[in-house]
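# pasting the sequence and the predicted coordinates here, then a few questions.
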Amino acid sequence: MIFRARQFEFRFPRPALLMGIVNVTPDSFSDGGAFFNPQAAVDHALRLEAEGAEIIDIGGESTRPNATPVSEQEELRRVLPVIEALSGRLKVPISIDTQKPAVARAALVAGASIINDIGANRTDPSMWRLASGTGAGYVAMHMQGTPATMQLNPCYADVTREVCSFFEERMSKLTEAGVMPEQMILDVGIGFGKTIEHNLELLRHLKAFRRFERPLLLGVSRKSFLGRITGGADVAGRLPAAMACVCWAVQQGVQIVRTHDVVETLDAVRTTERLLAG
């Protein structure tokens with residue numbers, strides 16, 4: 001299995017990739033705006049690469065539940081200076097975490113190679129045509145609703161089956177828009193329009209998504225459902241629970257892990273892989 005994102009290529013099977021998170025936002029649930037300053041964000045991205053991240057994911061709009069959307073102009077103001085400063089300095093691909101085609105386009109011009117799209121449930125094909133025309137990698141994430149509505153009343157008859165159906169339909173739409181299978185990554189969207197039980201059900205059945213023969217990306221880093229499972233741990237206390245999910249996911253065949261905590265996640269992932277190798 002091959003994943004291509006412009007000039008970058010990854011061939012699987014191989015050790016799992018880590019996607020390091022850089023939130024260029026003042027209101028992220030996870031880091032409280034610590035990297036809102038462009039230079040702080042650049043320094044953090046370089047540090048994550050040095051720690052072992054093989055993709056750097058840059059976002060300028062919080063997607064936590066009930067987050068307030070930002071304008072296209074504001075999102076561009078936040079992310080473009082960071083991407084421009086990192087382009088040519090990073091040896092790994094830059095991913096732009098956005099729902100807005102215009103932001104994705106500008107980020108690709110500035111040096112990004114992957115579009116990480118939580119809005120893959122849209123009907124407008126413009127984002128997919130952008131991926132097709134540029135050769136960018138594309139992460140299709142499942143979400144029920146929008147960040148403003150997704151946690152109001154998530155409801156599924158069978159969450160695993162419904163997310164599988166979403167991926168089938170989405171991959172067909174992507175193909176129609178000219179996106180090659182080698183450009184696609186799938187993300188089940190833990191915490192995006194799901195209850196705790198929905199999240200756990202998807203984690204238990206990650207193997208069900210291997211039939212699509214595309215890399216699976218998992219994002220559980222610091223998410224609130226982990227604190228609820230463990231009895232109310234705050235953001236800083238969720239790392240052990242996240243590592244349990246990551247080790248399980250690697251066992252189930254997940255190839256890409258999105259994380260704030262690269263050093264700890266890399267240790268957990270590589271140890272799990274050694275154990276699996278016998």
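In hand now; what should we look at?

# and stretch 271-278, how far from the chain's centre?
Relative to the chain's own centre, stretch 271-278 is displaced by 24 Å; criterion: C-alpha atoms, centre = their mean, to the nearest Å.

# same deal with stretch 67-74?
19 Å.

# start and end of that stretch, how far apart?
Distance between the boundary residues of stretch 67-74 (C-alpha to C-alpha, to the nearest Å) amounts to 15 Å.

# my guess is G88 contacts G111. True?
Yes - G88 lies in contact with G111 (C-beta atoms under 8 Å); the separation is 7.1 Å. Just so you know, the C-beta spots here come from the backbone N, C-alpha and C atoms, and that holds for glycine as well.

# which of the two has more neighbours?
Counted by other C-beta atoms under 10 Å, G88 and G111 do not tie: G111 has more neighbours, with 19 against 8.

# these two touch, right, the more buried one and I83?
Yes - using C-beta under 8 Å, G111 is in contact with I83, at 5.4 Å.

# what sits in contact with each of the two?
Common contact partners of G111 and I83 (C-beta atoms under 8 Å, 6 or more residues apart in numbering): I94.

# tell me the helices and strands packed up against the longest helix along the chain.
Secondary structure of the chain per DSSP state H: the longest helix is helix 159-176. Identification of packing neighbours for helix 159-176 by 3 or more C-beta pairs under 8 Å, 6 or more residues apart in numbering; DSSP states H and E yields helix 126-134, strand 137-141, strand 184-187, helix 196-204.

# format these as TSV; extra columns: mean neighbour count.
Listed next are these as TSV, based on neighbours: other C-beta atoms under 10 Å:
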stretch	mean neighbour count
helix 126-134	20
strand 137-141	26
strand 184-187	25
helix 196-204	17
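
# coming back round to it: buried residues, the longest helix of the chain. List them.
V159, T160, V163, C164, F166, F167, R170, M171, K173, L174 (16 or more other C-beta atoms under 10 Å).

# what angle do it and helix 196-204 make?
70 degrees (axes from the mean of the first three to the mean of the last three C-alpha atoms, to 10 degrees).

# export helix 159-176 as PDB, just CAs?
Provided in PDB are the C-alpha atoms of helix 159-176 (Å, rounded to 0.1, in the frame of the first residue of the first chain):
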ATOM      1  CA  VAL A 159     -21.600   3.300  14.400                       C
ATOM      2  CA  THR A 160     -19.000   1.000  12.800                       C
ATOM      3  CA  ARG A 161     -21.200   0.000   9.900                       C
ATOM      4  CA  GLU A 162     -22.300   3.600   9.300                       C
ATOM      5  CA  VAL A 163     -18.700   4.900   9.300                       C
ATOM      6  CA  CYS A 164     -17.800   2.200   6.900                       C
ATOM      7  CA  SER A 165     -20.600   3.200   4.600                       C
ATOM      8  CA  PHE A 166     -19.500   6.800   4.800                       C
ATOM      9  CA  PHE A 167     -16.000   5.800   3.700                       C
ATOM     10  CA  GLU A 168     -17.400   3.800   0.800                       C
ATOM     11  CA  GLU A 169     -19.400   6.700  -0.400                       C
ATOM     12  CA  ARG A 170     -16.700   9.300   0.200                       C
ATOM     13  CA  MET A 171     -14.000   7.300  -1.600                       C
ATOM     14  CA  SER A 172     -16.400   7.000  -4.600                       C
ATOM     15  CA  LYS A 173     -16.900  10.800  -4.500                       C
ATOM     16  CA  LEU A 174     -13.200  11.400  -4.200                       C
ATOM     17  CA  THR A 175     -12.500   9.100  -7.200                       C
ATOM     18  CA  GLU A 176     -15.200  11.000  -9.200                       C
END
